[in-house]
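Enquirer: Need a 3D model of the sequence below.
(chains A, B, C and D)
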Protein chains: 4
Amino acid sequence: MTHDPATPAKATGGNGRRQRAPGSTEWTTSLTRIAPNEIEIRGYPVDELMGRLMFSEGIYLLLRGELPSASIGKLFTAVLLSSLDHGVTPPSTLAARHVASSGSPLANAVAAGILAFGAYHGGDIEAVMRCLQEGISLHHGGMSYEDAARRLLEKHCGIGPTPPGFGHRIHTRDPRAARLLQLAHELDLDGEHCRLLRVVERVLNAMPGRAQHPLPLNIDGAIAAVCGDLGFGPEIGNGLFIISRVPGLLAHAVEEQLTQPPMRQIDRDEARYDGPARRRLPETRR
Amino acid sequence: MTHDPATPAKATGGNGRRQRAPGSTEWTTSLTRIAPNEIEIRGYPVDELMGRLMFSEGIYLLLRGELPSASIGKLFTAVLLSSLDHGVTPPSTLAARHVASSGSPLANAVAAGILAFGAYHGGDIEAVMRCLQEGISLHHGGMSYEDAARRLLEKHCGIGPTPPGFGHRIHTRDPRAARLLQLAHELDLDGEHCRLLRVVERVLNAMPGRAQHPLPLNIDGAIAAVCGDLGFGPEIGNGLFIISRVPGLLAHAVEEQLTQPPMRQIDRDEARYDGPARRRLPETRR
Amino acid sequence: MTHDPATPAKATGGNGRRQRAPGSTEWTTSLTRIAPNEIEIRGYPVDELMGRLMFSEGIYLLLRGELPSASIGKLFTAVLLSSLDHGVTPPSTLAARHVASSGSPLANAVAAGILAFGAYHGGDIEAVMRCLQEGISLHHGGMSYEDAARRLLEKHCGIGPTPPGFGHRIHTRDPRAARLLQLAHELDLDGEHCRLLRVVERVLNAMPGRAQHPLPLNIDGAIAAVCGDLGFGPEIGNGLFIISRVPGLLAHAVEEQLTQPPMRQIDRDEARYDGPARRRLPETRR
Amino acid sequence: MTHDPATPAKATGGNGRRQRAPGSTEWTTSLTRIAPNEIEIRGYPVDELMGRLMFSEGIYLLLRGELPSASIGKLFTAVLLSSLDHGVTPPSTLAARHVASSGSPLANAVAAGILAFGAYHGGDIEAVMRCLQEGISLHHGGMSYEDAARRLLEKHCGIGPTPPGFGHRIHTRDPRAARLLQLAHELDLDGEHCRLLRVVERVLNAMPGRAQHPLPLNIDGAIAAVCGDLGFGPEIGNGLFIISRVPGLLAHAVEEQLTQPPMRQIDRDEARYDGPARRRLPETRR
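Expert: Numbers count the residues shown, from 1 in each chain, chains lettered A, B, ... in the order given. So this is what the prediction gives:
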């Protein structure tokens, strides 16, 4: 929307926007302080973090402003691991592979993959977070979780034939979603978002006709609930998916350039996995 | 290059490219296996990794095919933490903020930032890795590290007035570079790449005229040496910087959209940091 | 929205989607036919178009499926010329310049600029087209243009404090908007969309308080009305702005790389125009 | 900014870079002047151009600084028309379609397509221009065109098995290349670049073994030669391809979103053209 010059876009305080001294063009940022030989992320010198913090803890610190507790760090790490990669079939991965196939730099391939996170792919976490927030408000206003769930499903805030957070092209039981919610429970970090999501799942699948075609909770829904309970705002939900998936996009772009001829047809249904067979983590990591 | 139809782009085995059965359009990938209710990253079920692996370990596993040892995991984590963010001044961060300022989705802002990783910014890790590889070959052929370093500096495989891996717009002693090499040493993971880099630094700064204008090692150089010794190929060097910086780009895009009016002039010299003052990690994390 | 595997995403005919023979994976495209030594755009061999068609006519042909009449071609050309460039201040141009400043390829700079076409910039054409369509429907249902205009303004389908299609950061009378509507009128191509837009402008600026702060029609609004009357669907409105502005983004990226040092602060308020002074087209072109 | 020989781009400092008054942060741009109610592209008010100039002439004006003559405008228009689209098989088009398939905005799809213009696709124009410049220098230094051509082919400034500008995945005689060079000749605009390119084509295809597998000139080579003779610098060569192809990327993204289900497998070999059959331009356009 183009701005009306009569109402200058002044930053006011109410909604979190910084106020500027009249005539000043100064603006503030609270993320990272840079000075000669000094790099501090939310106050912590980055060289101090190196060797002491996990990468996921550093990401959490940067995004939220404070170090996570051990439990929160563990759960947030699981969120980021959950969406690391999903094979060759997502349109984002295919977009990245096509760009890589043309001999473009890896950065271009990764960027192209990110651009494919659209309404039908990677864009659900925010939608579910907003739905859950709405349902929690209804609950706080006196409605039961059950009734709130029904209201949300009627309103069905999403696009396409299934509500956001449920269903999947391939999985009938998304192992990542189950594991994430289990971990949240083990760490005693599941709160209202997770609780409401469980109710929505139950109500949804009890609807007429659903018995034959159940709609399982998917990872977007689980991430949304967990991150809502961790205090993330919805506007950042899809951003966490980007952070998680970027290594996957990179890995596919690298594999494409290292092992395939350029300018080839990339047929997702003709891909065969020939990597390591299923294996378990060593005992030492349990 | 457009392909000569006379020599069809056949995949042969010599350079790592897969061979296909004649007439078959099948192709292989060794990253992630997907089947209904199964997601395995290099053989490991992703739900098993969640709650047990660090995010950086998962990234290493995906890129390299095997779990890192504890030491390697620690060093690789430090690599990823090192470039998490660098404030508002890099062109990538400014590109991301401008895109965010126009009301575009966060994915667009992050992608635009990634596209600014060019010859002068974020593109040095690969260049330094190739230089070091060349120097190590010279050394294996009989040349001393010192002479190899001189040869590299003469050849000066980079663009701009300073060799890649050295110098910085702001820092005269890049705290991240020093810390990374120190950590590599502590973990006994510094090898030939790190050793050669140290020699290059010494030789470079002993050159006539350098005394008044020393060129310190920067983080790109340190990452290149460390990742070379960790066995990463040069082609992936810049990709690691992308993974590291994406959370930073996201954080800036979110801050821009949450705290600033849209369509504003983004003056990097007018930015003032107003986040937490310097602070130390709690003892429990040391 | 992830798709429910129980209801496969089948293409049916009703909404324009192609039907496939059961079991077939064939899909159709009606844009360009390629065969050895043959390239036909909507049936016309491209080498025949070269030397005979205008570039804008080729674009129209590709997008609409048929050659435009002389009048339509002239008006469509004016649409594309209108948004060719708008100097150094738009966030898209600044994003492009920052990416160029880092030494990235021109393609990256142009792509980054395109990604800045967001809610507040370049995204209004579609919004206005949908609003006008809605108003025209109301009019067909019996409402006067005046009442339909009021209804639209109440509903105010847009974001920000001003309705889409009106107002501008800089201009109080957008010369491009006036000229485009004038040309549409001269060519007898202004229809219901243009007529309704004129009424909306009048009604909007007659509102209480507007006298001191008039909201002139801007180029997005004019393009929307003209393209609506030319029969373009709203979904393509923002696409036309992309086509128009890409040469501008490219020109700025090239100028940045040819005339400025890399990695510089790009301060839009410090830019001074030093190109040719105002001049008129030669008589021969009138 | 590419230089128009008629009005040299005044840039002081030897390498074209502007000089700034000491202490000043002012910088200059010579493209477009913006003031309230005034938009001038290289001095010409944009509303004057609308209705009088072709879109391609406006693009030329913006890039070169001056209006093209009628002949140059006609040839430049043909350059832009030549690469408007090439069907569904290029990786850029497939990247765009995959991004469109995920429900992303059209801008994302177009940007992703642009990012696929890499070493093997869309990146040859600049390479050929530089080669031809080199050959012309050799010729000016006394070498015959024939010997210069041989030298270039030996040096073979390109990647892959065929020299840039020759060969094609599909065409054995690129109709666009032939037409463009013919038009340049008809308009008496073919100069040294075109002449040398013809010699290179002859020498290349007379080489041992080429008889069975001729390498025809492709459109990248023809555009490079024509644009070289029009005075464009090599750095802008690939940019012209971007301008030309963007409408094609947009058309494919729109068709994908309007006629196909989301998240589908996009198999380029399964595409069937069902648009208009071959047809000729009306007589009135000849």
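
Enquirer: Would you map the strands across the stretch 151-286 of chain A?
Expert: Counting by DSSP state E, counting those that start in this stretch, one finds strands in the stretch 151-286 of chain A at the ranges A:271-273.

Enquirer: Can you list the low-confidence ranges for it?
Expert: A:156-161, A:286 (pLDDT under 70).

Enquirer: mind redoing it with 90?
Expert: A:154-163, A:167-172, A:207-214, A:235, A:265, A:268-269, A:283-286 (pLDDT under 90).

Enquirer: Please enumerate the helices of chain A.
Expert: Using DSSP state H, the helices of chain A run over A:46-49, A:55-64, A:70-82, A:91-101, A:106-115, A:124-140, A:145-155, A:175-186, A:192-205, A:219-229, A:237-259.

Enquirer: what about the fourth one and chain C, any contact?
Expert: No. Looking at helix A:91-101 against chain C by Cβ under 8 Å from any Cβ of the partner chain, there are no contacts, and the closest approach is 10.5 Å. Any C-beta I mention is one placed from the backbone N, CA and C, and that applies to glycine too.

Enquirer: is that helix up against chain D anywhere?
Expert: Yes. Counting by Cβ under 8 Å from any Cβ, contacts between helix A:91-101 and chain D involve A:91-92, A:94-95, A:98-99, A:101.

Enquirer: For chain C, state which of the residues you listed is nearest.
Expert: Chain C has its nearest neighbour among the residues of helix A:91-101 next to chain D in A:V99, at 10.5 Å by Cβ to the nearest Cβ.

Enquirer: Verify the stated contact: the closest one with D:F117.
Expert: No. If you go by Cβ atoms under 8 Å, A:V99 and D:F117 don't touch, sitting 9.2 Å apart.

Enquirer: Those two: who's more crowded?
Expert: Set side by side, A:V99 and D:F117 show more neighbours around A:V99, with 36 against 30, by other Cβ atoms under 10 Å in any protein chain shown.

Enquirer: At the contact with chain B, which residues of the stretch 101-250 of chain A appear?
Expert: Selection of the stretch 101-250 of chain A residues close to chain B by Cβ under 8 Å from any Cβ yields A:105-108, A:110-112, A:114-115, A:117, A:122, A:170-176, A:178-180, A:183, A:186, A:235-236, A:238-239, A:242-243, A:246-248, A:250.

Enquirer: Taking these, please make a PyMOL selection of just the buried ones.
Expert: Buried residues within these, by 16 or more other Cβ atoms under 10 Å in any protein chain shown, are selected in PyMOL with:
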select buried, chain A and resi 105+106+107+108+110+111+112+114+115+117+122+170+171+174+175+176+178+179+180+183+236+238+239+242+243+246+247+248+250
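
Enquirer: Can you narrow the residues of the stretch 101-250 of chain A next to chain B down to the ones near chain D?
Expert: Counting by Cβ under 8 Å from any Cβ, A:105, A:108, A:111-112, A:115, A:117, A:122 from these sit close to chain D.

Enquirer: Among these, which one sits closest to C:V203?
Expert: Nearest to C:V203, judged by Cβ to Cβ, of those is A:L115 at 39.2 Å.

Enquirer: Spatially, which residue comes closest to the closest one, not counting chain neighbours?
Expert: Nearest residue to A:L115, sequence neighbours excluded (Cβ to Cβ, 6 or more residues apart in numbering or on different chains): D:N108, at 4.1 Å.

Enquirer: Which residues are in contact with that neighbour?
Expert: A:115-116, A:118, B:107-108, C:115, D:99 (Cβ atoms under 8 Å, 6 or more residues apart in numbering or on different chains).

Enquirer: Try it again at 7 Å.
Expert: The neighbours of D:N108, taking Cβ atoms under 7 Å, 6 or more residues apart in numbering or on different chains as the test, are A:115, B:108, D:99.

Enquirer: ok, now how distant is it from C:A111?
Expert: 10 Å (Cβ to Cβ, to the nearest Å).

Enquirer: Please export the C-alpha coordinates of stretch A:142-155 as PDB.
Expert: Output in PDB follows, covering the C-alpha atoms of stretch A:142-155 (Å, rounded to 0.1, in the frame of the first residue of the first chain):
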ATOM      1  CA  GLY A 142     -15.200 -19.600  28.900                       C
ATOM      2  CA  MET A 143     -15.500 -22.200  26.000                       C
ATOM      3  CA  SER A 144     -14.400 -25.700  26.600                       C
ATOM      4  CA  TYR A 145     -11.400 -27.000  24.500                       C
ATOM      5  CA  GLU A 146     -13.800 -29.200  22.800                       C
ATOM      6  CA  ASP A 147     -16.200 -26.500  21.700                       C
ATOM      7  CA  ALA A 148     -13.300 -24.200  20.800                       C
ATOM      8  CA  ALA A 149     -11.900 -27.000  18.600                       C
ATOM      9  CA  ARG A 150     -15.200 -27.400  16.900                       C
ATOM     10  CA  ARG A 151     -15.400 -23.600  16.300                       C
ATOM     11  CA  LEU A 152     -12.000 -23.600  14.700                       C
ATOM     12  CA  LEU A 153     -12.800 -26.500  12.500                       C
ATOM     13  CA  GLU A 154     -16.000 -24.900  11.300                       C
ATOM     14  CA  LYS A 155     -14.100 -21.700  10.600                       C
END
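
Enquirer: what residues are up against the most centrally placed residue in chain A?
Expert: For chain A, A:F241 is the residue whose C-alpha lies nearest the centre (Cα atoms, centre = their mean; 2.9 Å). Residues in contact with A:F241 (Cβ under 7 Å, 6+ apart) are A:83, A:117, A:122, A:125.

Enquirer: Also A:V226?
Expert: A:75, A:79, A:180, A:184, A:194.

Enquirer: now, among the residues you listed, which is nearest to chain D?
Expert: So of the contacts of A:V226, ranked by how close each gets to chain D (Cβ to the nearest Cβ), first place is A:V79, at 21.4 Å.

Enquirer: my guess is A:M129 contacts A:G237, does it?
Expert: Yes. Assessed by Cβ atoms under 7 Å, A:M129 is found in contact with A:G237 at 4.9 Å.

Enquirer: Looking at those two, which has the bigger crowd around it?
Expert: A:M129 (27 against 23).

Enquirer: Sketch out the low-pLDDT regions of the stretch 1-150 of chain A for me.
Expert: Low-confidence segments of the stretch 1-150 of chain A (pLDDT under 90): A:1-25, A:118-124.

Enquirer: related to what we said a few turns ago, nearest to B:P45, out of the contacts of A:F241: which one, please.
Expert: B:P45 has its nearest neighbour among the contacts of A:F241 in A:S83, at 14.6 Å by Cβ to Cβ.

Enquirer: and that closest one, backbone torsions?
Expert: When read as degrees, to the nearest 10, the backbone of A:S83 gives phi -110, psi 20.

Enquirer: does it really touch A:S244, like I thought?
Expert: Yes. If you go by Cβ under 7 Å, A:S83 and A:S244 touch, sitting 3.8 Å apart.

Enquirer: From chain C, how far off is A:T259?
Expert: According to Cβ to the nearest Cβ, to the nearest Å, A:T259 and chain C sit 24 Å apart.

Enquirer: again with A:L180
Expert: In terms of Cβ to the nearest Cβ, A:L180 sits 16 Å off from chain C.

Enquirer: Leaving out chain neighbours, which residue sits closest to that residue?
Expert: A:A222 (4.4 Å).

Enquirer: And the one you found, how close does it get to chain B?
Expert: Going from A:A222 to chain B by Cβ to the nearest Cβ gives 11 Å.

Enquirer: for that residue, what are its contacts?
Expert: Counting by Cβ under 7 Å, 6+ apart, A:A222 makes contact with A:177, A:180-181.
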